[in-house]
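For reference, the sequence and a predicted model appear below.
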Amino acid sequence: MKIPPVKGTRDFYPQEMAIHNWIVDGWKRASLRNGFEEYDGPIFEYLQMYQIKSGDEIVEQLFSFKDRGDRDLAIRPEITPTLARMVNQRINTLPKPIKWFSVPRLCRAERPQKGRLREFFQWNIDIIGEDSVLADAEVIFTTVDYLREVGLTPNDIKVKISSRKFLSAVLKKIGISEEKLNSLYGLLDKKTKLPAEAFSEALIQQVGERISEQVISFMGSQSVTSVENIVKPDAGGELDIAIKELEDCASRLGQMGISDYCVFDPGIVRGLAYYTGIVFEVHDIQGDLRAICGGGRFDNLLHDFGGPKITATGMGMGDCVLEILLSEKGLLNQKISARSLDYFVLPVADNLLDDTIKLVAQLRTLGFKTIFSYKSGSLSKQLKTASERNAKYCIIIGDEFKAGDIVLKDMSTGNQKTVPLNEFLANPGKF
Ligand code: HAM
């Protein structure tokens with residue numbers, strides 16, 4: 001009986017694994033050059049961890065189970081609660097600000113669709129203990145720094161920025177009570193995912209017709225200041241502060257040289273319940289795909305997890321949409337290959353296998369990626385295999401070997417030369 005892979009999961013054959021490693025290596029490089037240190041946590045936690053503050057959507061998508069001690073556990077759907085728990089545990093000894101990154105494997109029981117699976121990898125960067133908008137801008141810069149490195153330009157993607165503080169202040173001014181905000185965020189976050197009519201109907205049900213029109217008009221605003229046509233900020237009030245933060249963030253992003261990647265978009269709400277300030281998502285410019293990444297400020301989460309009141313901001317980027325977009329844009333380099341080798345050693349006869357093995361071991365000890373044919377056989381067949389394996393050079397162990405020579409074949413040019421083995425081993429790079 002053949003058992004298929006579980007719905008929403010992926011098998012990483014060597015070629016897919018090479019692409020995956022290339023993506024993860026880029027994430028790690030961008031994190032390190034922006035001053036983030038790596039951490040990780042367990043792949044399952046107490047179920048309660050995700051019921052506290054992640055929001056209904058994530059709770060509905062949990063893979064949860066009971067362990068043998070009847071404890072309720074869940075596979076991590078995100079790593080932010082684990083980060084909050086870990087930082088709280090050592091809050092007094094960790095130097096601040098904390099700038100950490102991680103690349104966890106996560107599981108969410110979502111309906112599998114383009115860019116959304118049930119198991120995926122997610123790059124996380126977070127800054128804890130720095131309440132200035134500069135930290136939010138740094139998270140956005142690090143995100144763009146990576147996306148720019150892999151070749152995505154402002155013509156391919158946009159960082160859409162808004163603020164929960166801004167949204168909450170506007171919604172309250174329009175006449176929505178504080179208690180209704182959280183459930184309303186859940187709906188507003190779905191605006192682009194639902195057909196316009198379904199969204200409008202659901203909105204009217206929650207807030208009534210008059211307010212719903214104002215909400216829809218606000219969500220379409222093109223600039224922070226144009227919102228003043230709908231509501232007026234009071235000097236020093238919540239809305240005024242939120243507008244100043246957004247402007248401050250835009251000016252920091254300008255100093256960092258990435259304004260051309262960034263736009264204000266009050267339609268960005270974020271699905272998770274814990275965000276409190278600036279929020280952002282990166283989207284492909286055509287809007288064909290789900291969000292490439294999302295994040296924002298979550299100033300209450302550590303406190304909600306029993307720690308002190310300490311501010312935090314960060315983002316998560318999955319590997320699925322990113323890979324689709326890179327592939328559509330032709331940016332997944334054809335040379336990303338699991339099959340790259342320095343040397344392929346070919347014995348022309350079985351009695352040369354002993355010498356072949358000795359040479360292979362020497363080359364591997366010197367640090368060269370080297371493989372050999374287990375069986376001698378037709379030279380052309382072996383050369384074809386070597387070429388399929390992307391070997392830079394073939395070393396042919398033939399009749400010359402009795403005289404202490406090998407034949408070195410450059411696979412890119414096809415040129416070959418006879419070389420004394422001792423000289424070659426003393427300095428393989430010379431040939
Ligand atoms: P999130 O919006 O739930 O945020 O996920 C962030 C990103 O993870 C998404 O934009 C997408 O790239 C990827 N992602 C989410 N679900 C799936 C899925 N089912 N399949 C493939 N990719 C997916 C968070 O998780 C926050 N914890 C991020 C964060 C870190 N906020 C602050 N720090």
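Arrived safely.

what comes up buried for stretch 284-302?
Applying a neighbour-count criterion of 16 or more other CB atoms under 10 Å, one finds 284, 289-302 buried in stretch 284-302. Yep, even glycine has a C-beta here, placed from its N, CA and C like the rest.

Give me the subset of those residues that also touch the ligand.
Among these, the ones lying close to the ligand by the criterion of CB under 6 Å from any ligand atom are 291-295, 298.

how about low-confidence regions in the chain?
Within the chain, the stretches with pLDDT under 70 are 334-335.

quick revisit: export the ones next to the ligand among the buried residues of stretch 284-302 to JSON lines and tack on secondary structure and distance to L425?
Formatted as JSON lines, the entries for these read as follows, by DSSP: H, G, I helix; E, B strand; the rest coil; distance: CB to CB, whole Å:
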{"residue": "A291", "secondary structure": "coil", "distance to L425": "53"}
{"residue": "I292", "secondary structure": "coil", "distance to L425": "48"}
{"residue": "C293", "secondary structure": "strand", "distance to L425": "48"}
{"residue": "G294", "secondary structure": "strand", "distance to L425": "53"}
{"residue": "G295", "secondary structure": "strand", "distance to L425": "52"}
{"residue": "F298", "secondary structure": "coil", "distance to L425": "57"}
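
Quick check: the farthest pair among the residues you listed?
In those, the most distant members under the criterion CB to CB are I292 and F298, with 19.7 Å between them.

which one of the ones next to the ligand among the buried residues of stretch 284-302 is nearest N124?
Using CB to CB, G295 comes nearest to N124 of those, at 8.5 Å.

Name the nearest residue to that closest one, ignoring sequence neighbours.
Sequence neighbours aside, M315 is the residue nearest to G295 in space, at 2.5 Å (criterion: CB to CB, 6 or more residues apart in numbering).

strand partners of the host helix or strand of that neighbour, parallel vs antiparallel please.
When secondary structure is defined using DSSP states H and E, the element that contains M315 is strand 312-318. Sheet pairing of strand 312-318 (DSSP bridges) gives strand 119-128 (antiparallel), strand 293-297 (antiparallel).

Do you have the helices of the stretch 201-350 of the chain handy? List them.
With DSSP state H, counting those that start in this stretch, the ranges of helices along the stretch 201-350 of the chain come out as 209-219, 238-255, 301-304, 320-328.

Same check on the stretch 1-150 of the chain?
If you assign secondary structure with DSSP H, counting those that start in this stretch, the helices in the stretch 1-150 of the chain sit at 14-33, 48-53, 56-60, 80-89, 133-149.

what's the closest of these to W100?
Nearest to W100 among the helices of the stretch 1-150 of the chain is helix 80-89; the distance by CB to CB comes to 6.9 Å.

Could you report the separation of the residue of the stretch 101-250 of the chain found nearest the ligand from P112?
Minimum separation of the stretch 101-250 of the chain from the ligand (CB to the nearest ligand atom) falls at F120, amounting to 3.6 Å. Relative to P112, F120 is positioned 10 Å away (criterion: CB to CB, to the nearest Å).

got it, and Q362?
Distance, Q362 to P112, by CB to CB: 49 Å.

And G318, by the same measure?
Separation of G318 from P112 (CB to CB) stands at 13 Å.

who's more crowded, the two?
Regarding G318 and P112, a neighbour count based on other CB atoms under 10 Å identifies G318 as having more, with 21 against 14.

shouldn't the more buried one be in contact with C293?
Yes: under the criterion of CB atoms under 8 Å, G318 lies in contact with C293, with a separation of 7.1 Å.

Skipping its backbone neighbours, what lies nearest P14 in space?
Distances taken as CB to CB, 6+ apart put A338 closest to P14, at 3.6 Å, once the chain neighbours are dropped.
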